[in-house]
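[1] Task: produce atomic coordinates for the following.
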Amino acid sequence: MALLELKGISKSYGEAKILEEIDLTVEKGEIMGLIGHTGSGKTTLLRLIDLLERPTSGSIVFDGVLVTDLPEKDKLKARRRMAMVFQKPVMFRASVRENVSFGLKMRGERKEEKVREALSAVGLLGYESRDASTLSGGEMQRTALARALVLEPELLLLDEPTANLDPKSAASIDRIIQETSAQNTTVIMATHNMRQCQRLAHRIAVLKDGRLAGLGRPEDIFSQKQLLEAFSEQEALP
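    This next block holds a predicted model:
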C-alpha cells in the first residue's frame, strides 16, 4: 500500500530547473534509495517530500491526503508524521539527551523512556550527559538518527546518512536503517554510496539532471549500466 505518491513534481529556482516531472510511488515499510550525482536534485526532492519547500508544479499525496497546498497548520500535522536527517546534522550546544529530546519537547511531550529507547537503538546508551558538540562524526550522525527515531515517524528521510563516516560507523547506520524498516517505517535514503543502496534498498530511483532516469529493484538497476552514467568510475560498480 502506497504511503507516498509524487505526481509530476517539478522545482525551479528562478530560471534554474532542479527537478522536472518526477513521478514516484513509495510503499509503506519500503526502503527507497535515491542515487544520482551532486546536483541531480536528491536533496531538493527530500525537502519537497518533507514539506520544507513547495514544488513549482505537481502534487504530493501522503497516506492518501493531498498535502501540497495544505494550510500551514495542517501541513505541520503531516510533517509530524515524518522526520528528516540532514547530511550535516546540527547539534545544539547541549547534552546528547537534550538534543534527542528536542522534538518531543516541541510537541509538549516529556518521555524519558522514549529517549532511552532511541539512544539504545543507535548504540549510544551512556552518552546522555555528553556535550553533543564534542561527538565524533559517526556519534553525531547516530544522535541525529535518534532525534528522528524518538518521534516514531512513519516516513524517515535520510540525506547521505553515511557520508564521510568510517566503515564501523557506516555499518552501524546501515543496521539502524534496516531495523527501522523492519518496524514498518518507510525510509527514503539519498546517497552517493551505490553499494549501500544495493545492500539496503528494496527499490532504487536514479536521478539524472533533475529527471527520473530509472526505477526498479537493485538487481535490475545495476544490470543497466547506462543508468549509472551519473557516477564517476570510483563510484561505479564493477
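[2] contacting residues for S59?
    6-9, 66, 68 (C-beta atoms under 8 Å, 6 or more residues apart in numbering). Using the backbone N, CA and C atoms, a C-beta is placed for each residue, glycine as well.
[3] Please repeat the previous calculation with a cut-off of 10 Å.
    5-9, 66-69 (C-beta atoms under 10 Å, 6 or more residues apart in numbering).
[4] Report the buried members of those.
    Neighbour-count burial (16 or more other C-beta atoms under 10 Å) applied to these gives 5-7, 9, 67-68.
[5] Please work out which helix or strand belonging to this protein has the smallest mean pLDDT.
    helix 102-106 (a mean of 84; mean pLDDT, DSSP states H and E).
[6] for the chain, what are the low-confidence residue spans?
    Scanning the chain for pLDDT under 70 picks out the ranges 225-238.
[7] Give the next helix or strand downstream of the helix ranked longest in the chain.
    In the chain, taking DSSP state H as the definition, the longest helix is helix 167-182. Note on helix 167-182: by DSSP states H and E, the next helix or strand toward the C-terminus is strand 186-190.
[8] strand partners of that following strand, parallel vs antiparallel please.
    strand 31-35 (parallel), strand 155-159 (parallel) (DSSP bridges).
[9] Select, out of those, the one closest to Q183.
    Evaluated over the strands paired with strand 186-190, closeness to Q183 peaks at strand 155-159, with 10.4 Å, by C-beta to C-beta.
[10] quick one on the thing from earlier: report the angle between the longest helix of the chain and strand 155-159.
    With axes from the mean of the first three to the mean of the last three C-alpha atoms, to 10 degrees defining the directions, helix 167-182 sits at 160 degrees from strand 155-159.
[11] List the buried residues in helix 167-182.
    Under 16+ other C-beta under 10 Å, the buried positions of helix 167-182 are 169-170, 172-174, 176-177, 180-181.
[12] Could you do stretch 53-72 as well?
    In terms of neighbour count (16+ other C-beta under 10 Å), stretch 53-72 has its buried residues at 55, 58, 60-63, 67-68, 70.
[13] any chance of those residues in a markdown table, plus secondary structure?
    Compiled in a markdown table, the buried residues of stretch 53-72 are given as follows (DSSP: H, G, I helix; E, B strand; the rest coil):
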| residue | secondary structure |
| --- | --- |
| P55 | coil |
| G58 | strand |
| I60 | strand |
| V61 | strand |
| F62 | strand |
| D63 | coil |
| V67 | coil |
| T68 | coil |
| L70 | coil |
